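**Q** Build me a model:
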Amino acid sequence: MAFLSEYGLFLAKVVTLLVALLIPLLVVASTVARRGHRDTAPPEFEVVKLNDQLDDYQQQLVEATLAEGELKSHRKQRRKEEKKRAKTAVKAASKQPRPRTFVLDFDGDIKASAVASLRHEITALLRLLKPSDEVVVRLESGGGMVHSYGLAASQLNRLIEQQIPLTICVDKVAASGGYMMAAVANKIVAAPFALIGSIGVVAQLPNFNRLLRDNKVDFELYTAGEYKRTVTMFGENNDQGRAKFQQELEQTHQLFQQFVANARPQLDVAAVATGEAWYGQQALSLGLVDQLATSDDYLVAAAAERDVYQLTTLQKRSWQEKLGVAAQQSVEQLASRWLGRATQRPPV
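**A** Purely as a prediction, here's the structure:
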C-alpha cells in the first residue's frame, strides 16, 4: 500500500509538471501563430478539375493493361476522341453550360482552425456561383470549442442564404461541433460507418488543489464579478461554482438543440440530443443524415453530369509561424487524443 501511495503521489507530480510546462508552451505557440497569421499574405487557391483527374486514373489503368502492340493504336484513338470531345464541349457550352460542383475540405480540430481557409474559399465562391451550381464540403470533425464551430457553421450558412445548394459528405466523423456544421446543409451524405451526432456538450478538467495544499503550495486567484470564474484546475472549487458551470453547459446544450432544430426541422431533436453518436446506417433511420454513400461515390456520380472542381487554399508560412503552428498543433493533438478517449467507440 505504501508503494501505491508513493507511486500515486509521483504520478500526480508528473501530471502537474506536464501541465505547468504545456500551458506556457501553448500560450507562446498561439502567440507566434496569431502574429504570423496577421502578417501572412492573402491566401492563394489551387483548383483541380476532378473530371480530368478521374479520366487520367482510368487511362493509366487502361494503358497498364494493354498489350504493347495495342498501346500505340489506343493512344491515337484517344487523341481523336479528345479532339472530338473538346469540340462538342465548346458547342454545348455556347448553348447550355454544364452545371458545376465545387468541392471544399474541412478537417476540424478542437479550435476549428480550418475555418480560416473556409471563410476565404466561401467568399471567393460567392462571387462566382450560380443557382445551378453546388458546393460539396467533405467534413471530418469530432467537434471542439462552441464559439469556433459556431463560426464555421455560420460560414456555411452564407451559402444557404444565397440559395446555393450545399451538400456535406462525411466519411469518418461529424460529431458535436462537426454535426453542428453538417446540419446547415441541404443534404448530408454519410458513409455507412461514419460516426454522426453527439448533440451534447462536455467539459472536464482535473483539480490539483489538494496536491498543492499537501505540498504547501498556495494558489491565489483574483476575480471581479460573481461568476468570472466558476471552477478552476488549481483553486478550491465549491458547490455554487459547480452548479453555475453545469447551468452554463445546459444553456449551451439548449442553444445547440435549437440550432439543429432550425436547420433540420424534419428531425426529432429531442430524441437525438442525448450526446450519443450513431453510425451512418443508424443515423439515416433517425433522420440525422439523408443518404448513405462515401464522398468518392457521390463525387464520381456528380462528375458524370457536372463539371467538378476541387478548391484548396495554399498558404505560405514563415519558419517562425511554422514553428509556432507545429508546437500548437502538437499540444492540441495531445488534448484531442485525451478528449477522444472519453467518447471513443470500441475497435472492430
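**Q** quick one, helices of the stretch 51-200 of the chain?
**A** Using DSSP state H, counting those that start in this stretch, the helices found in the stretch 51-200 of the chain span residues 68-95, 115-126, 146-161, 177-183.
**Q** Now do the second one and helix 146-161, the angle between them.
**A** Interaxial angle of helix 115-126 relative to helix 146-161 (axes from the mean of the first three to the mean of the last three CA atoms, to 10 degrees): 10 degrees.
**Q** For helix 115-126, list the C-alpha coordinates in PDB.
**A** The C-alpha atoms that make up helix 115-126 are tabulated as PDB, following Å, rounded to 0.1, in the frame of the first residue of the first chain:
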ATOM      1  CA  VAL A 115     -12.400  28.000 -40.700                       C
ATOM      2  CA  ALA A 116      -9.500  30.400 -41.600                       C
ATOM      3  CA  SER A 117      -9.400  28.800 -45.000                       C
ATOM      4  CA  LEU A 118     -13.100  28.000 -45.300                       C
ATOM      5  CA  ARG A 119     -14.100  31.700 -44.900                       C
ATOM      6  CA  HIS A 120     -11.800  32.700 -47.800                       C
ATOM      7  CA  GLU A 121     -13.000  29.900 -50.000                       C
ATOM      8  CA  ILE A 122     -16.700  30.700 -49.500                       C
ATOM      9  CA  THR A 123     -16.100  34.400 -50.000                       C
ATOM     10  CA  ALA A 124     -14.400  33.600 -53.300                       C
ATOM     11  CA  LEU A 125     -17.100  31.200 -54.500                       C
ATOM     12  CA  LEU A 126     -20.000  33.500 -53.700                       C
END
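**Q** residues making contact with that helix?
**A** 37, 42-43, 45, 102, 104, 106, 135, 148, 151-152, 155-156, 158-159, 162, 164, 311, 313, 315 (CB atoms under 8 Å, 6 or more residues apart in numbering). Where C-beta positions appear, they are placed from N, C-alpha and C, glycine not excepted.
**Q** before we move on, back to that, include distance to K216 when you put the helices of the stretch 51-200 of the chain into a markdown table, please.
**A** Below are those laid out as a markdown table (distance: least, CB to CB, whole Å):
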| stretch | distance to K216 |
| --- | --- |
| helix 68-95 | 79 |
| helix 115-126 | 45 |
| helix 146-161 | 38 |
| helix 177-183 | 41 |
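**Q** From those, pick the one with the highest average neighbour count.
**A** helix 177-183 (a mean of 28; mean count of other CB atoms under 10 Å).
**Q** Now find how far off-centre it is within its chain.
**A** 9 Å (CA atoms, centre = their mean, to the nearest Å).
**Q** just stretch 152-161 next, same as before
**A** 14 Å.
**Q** Report the mean confidence score over that stretch.
**A** Averaged over stretch 152-161, pLDDT sits at 98.
**Q** what do you get for stretch 258-268?
**A** Stretch 258-268 comes out at a mean pLDDT of 96.
**Q** Buried by neighbour count: which residues of that stretch qualify?
**A** Buried residues in stretch 258-268, counted by 16 or more other CB atoms under 10 Å: 259-261, 263-264, 267.
**Q** What's the end-to-end length of it?
**A** One end of stretch 258-268 to the other measures 11 Å (CA to CA, to the nearest Å).
**Q** Centre of the chain to it, how far?
**A** For stretch 258-268, the distance to the chain centre is 20 Å (CA atoms, centre = their mean).
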